[in-house]
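Q: Sequence isn't available, so here's the structure alone:
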């Protein structure tokens with residue numbers, strides 16, 4: 001058993017499961033939050049960056065505080081996105097493996113509501129929901145949260161827009177004696193207003209790992225590009241990270257689709273994720289990313305919430321965020337669970353003046369990332385061209401007669417000679433099409 005979790009007040013069945021999961025040492029936010037949530041009764045605010053174990057910080061005490069003899073919903077957990085909601089559900093189900101009597105349900109949007117309504121006819125202790133779907137279920141009379149003792153708002157700073165219309169309605173149904181537990185990675189004025197509106201005057205607030213954005217392990221970099229070279233610079237960077245997993249953030253769904261299409265054309269192992277995609281497609285893309293079948297996720301900010309994958313080695317800000325807090329959430333996708341990570345922001349010349357402001361507000365230091373030179377870019381483009389040829393599927397509709405004619409043209413060439421001629425042809429065409437003279441790598445004289 002984990003003595004450190006025992007000291008925090010975690011009971012034996014949960015400790016046993018944590019041992020199964022090889023979780024032995026609590027994170028800073030877990031050390032500070034768990035004893036308070038277990039032993040105090042006041043409302044609670046936890047301020048901690050993404051990837052610091054917040055789900056366990058509120059989830060483990062919550063599991064212990066459930067009365068299994070009471071079949072009603074005792075805890076409502078709200079998440080800003082369906083992905084984060086599903087992740088919280090999966091984590092709590094995992095933590096409660098040896099607490100079989102506890103019933104946990106996920107009722108997030110983006111999937112058919114009828115199975116969720118049917119699920120809620122069974123005894124349920126904990127409900128994880130997105131605000132919109134919860135209100136929909138309430139309007140249909142399909143869920144009863146009137147006896148819930150706990151309201152948990154996870155990633156509250158990312159939920160503000162979703163909660164703006166609905167939180168009043170949700171809170172109005174909950175008992176006035178409920179305990180509200182709020183976790184957030186940033187503390188904008190809107191969060192402070194939320195605390196005043198929906199929480200008691202007596203709030204216990206703890207803060208953990210807030211000295212720098214995300215983790216000490218994040219290397220914050222920026223690279224300055226011309227608009228015309230932005231994609232090529234990105235692809236050169238991605239080629240240097242081949243085999244590693246990363247997330248590229250764009251401001252809009254249209255930008256995500258355009259960039260993902262360009263990466264697919266150049267045969268990068270990638271997928272797109274944004275709110276307009278259907279839930280089955282989003283689930284498939286996320287599963288492919290989690291399982292390592294694709295290496296690169298191109299996503300909007302909200303769609304990427306809830307991605308908790310330890311092996312993400314880099315994030316790329318393809319567009320500089322408009323809001324400082326957005327940068328916190330983006331960079332927090334990497335360097336999780338004590339790992340190292342890179343957060344690279346691609347900017348244009350006129351945006352350099354914004355970097356000192358980000359540094360000052362967020363308490364971080366950016367270093368300039370050396371942009372690849374023209375020759376390196378051209379070599380990478382040539383390599384991507386070669387990979388496209390290699391991955392091109394044969395066209396079986398071509399007649400054998402025509403194939404034989406083509407073979408006759410090349411039959412006297414060796415493999416090396418054919419490659420040299422193809423490469424020379426590519427370089428000549430590329431140079432002519434861009435109207436630039438690119439210095440081609442030449443053999444060194446012996």
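A: That came through fine. Please read all numbers here as calculations on a predicted model, not as lab measurements.
Q: looking at this protein, which helix or strand is least sure?
A: When each helix and strand of the chain is scored by mean pLDDT, DSSP states H and E, helix 160-173 comes last, with a mean of 77.
Q: Whichever helix or strand comes after it - which strands sit beside it in the sheet, and in what orientation?
A: Next along the chain after helix 160-173, taking DSSP states H and E as the criterion, comes strand 179-184. Using DSSP bridges, strand 179-184 pairs in its sheet with strand 43-48 (parallel), strand 150-153 (parallel).
Q: who's in contact with strand 179-184?
A: 37, 41-48, 54, 57-58, 149-157, 191, 194-195, 198-200 (C-beta atoms under 8 Å, 6 or more residues apart in numbering). Backbone N, C-alpha and C define where each C-beta goes, glycine included.
Q: Buried residues in the longest helix that the chain contains, which are they?
A: Taking DSSP state H as the criterion, the chain has its longest helix at helix 415-434. By 16 or more other C-beta atoms under 10 Å, the buried positions in helix 415-434 come out as residue 427.
Q: Packing partners of that helix?
A: Secondary-structure packing of helix 415-434 (3 or more C-beta pairs under 8 Å, 6 or more residues apart in numbering; DSSP states H and E): helix 374-391.
Q: Now do the same for the helix it packs on: mean pLDDT, whole number.
A: Confidence for helix 374-391, expressed as mean pLDDT, is 90.
Q: Pull the residues that contact the following helix or strand past that helix.
A: Counting by DSSP H and E, the next helix or strand C-terminal to helix 374-391 is helix 400-410. Helix 400-410 has contacts (C-beta under 8 Å, 6+ apart) with residue 418.
Q: now the strands paired with strand 179-184 as TSV including mean neighbour count?
A: What follows is the strands paired with strand 179-184, written out as TSV (neighbours: other C-beta atoms under 10 Å):
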stretch	mean neighbour count
strand 43-48	23
strand 150-153	24
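Q: mean pLDDT lowest for which of those strands?
A: Minimum mean pLDDT among the strands paired with strand 179-184: strand 43-48, a mean of 93.
Q: what does that strand rub up against?
A: 28-29, 32-33, 36-37, 54, 57-58, 179-185, 187, 195, 199-200, 202-210.
Q: how is the protein carved up into domains?
A: For the chain, automatic domain parsing gives the domain ranges 3-208, 218-372, 375-434.
Q: got the end-to-end distance for the second one?
A: So that's domain 218-372. 22 Å (C-alpha to C-alpha, to the nearest Å).
Q: so where's the stretch 201-350 of the chain shaky on pLDDT?
A: Within the stretch 201-350 of the chain, the stretches with pLDDT under 70 are 209-216, 303-308, 337-338.
Q: where along the stretch 201-350 of the chain do the strands fall?
A: For the stretch 201-350 of the chain, the strands defined by DSSP state E, counting those that start in this stretch cover 203-208, 218-224, 245-249, 270-273, 296-299, 312-317, 341-347.
Q: Select, out of these, the one closest to residue 99.
A: Counting by C-beta to C-beta, residue 99 lies closest to strand 203-208 out of these; the figure is 25.4 Å.
Q: so how far is that closest one off the chain centroid?
A: Relative to the chain's own centre, strand 203-208 is displaced by 25 Å; criterion: C-alpha atoms, centre = their mean, to the nearest Å.
Q: Pull up the pairing partners for it, direction included.
A: Using DSSP bridges, the strands paired with strand 203-208 are strand 43-48 (parallel).
Q: next SSE after the partner strand?
A: That would be, after strand 43-48 and using DSSP H and E, helix 54-65.
Q: Give me the residues contacting that next one.
A: 5, 9-11, 14, 23, 26-27, 29-30, 33-34, 37-38, 46, 48, 74-75, 77, 87-88, 91-92, 95-96, 99, 102, 126, 149-150, 152, 154, 181, 183.
Q: Going by contacts, tell me the helices and strands next to the next helix or strand after that helix.
A: Where DSSP H and E defines the elements, the next helix or strand beyond helix 54-65 is strand 75-78. Contact here means 3+ C-beta pairs under 8 Å, 6+ apart; on that basis strand 75-78 packs against helix 54-65, strand 126-129, helix 131-139, strand 150-153, helix 160-173.
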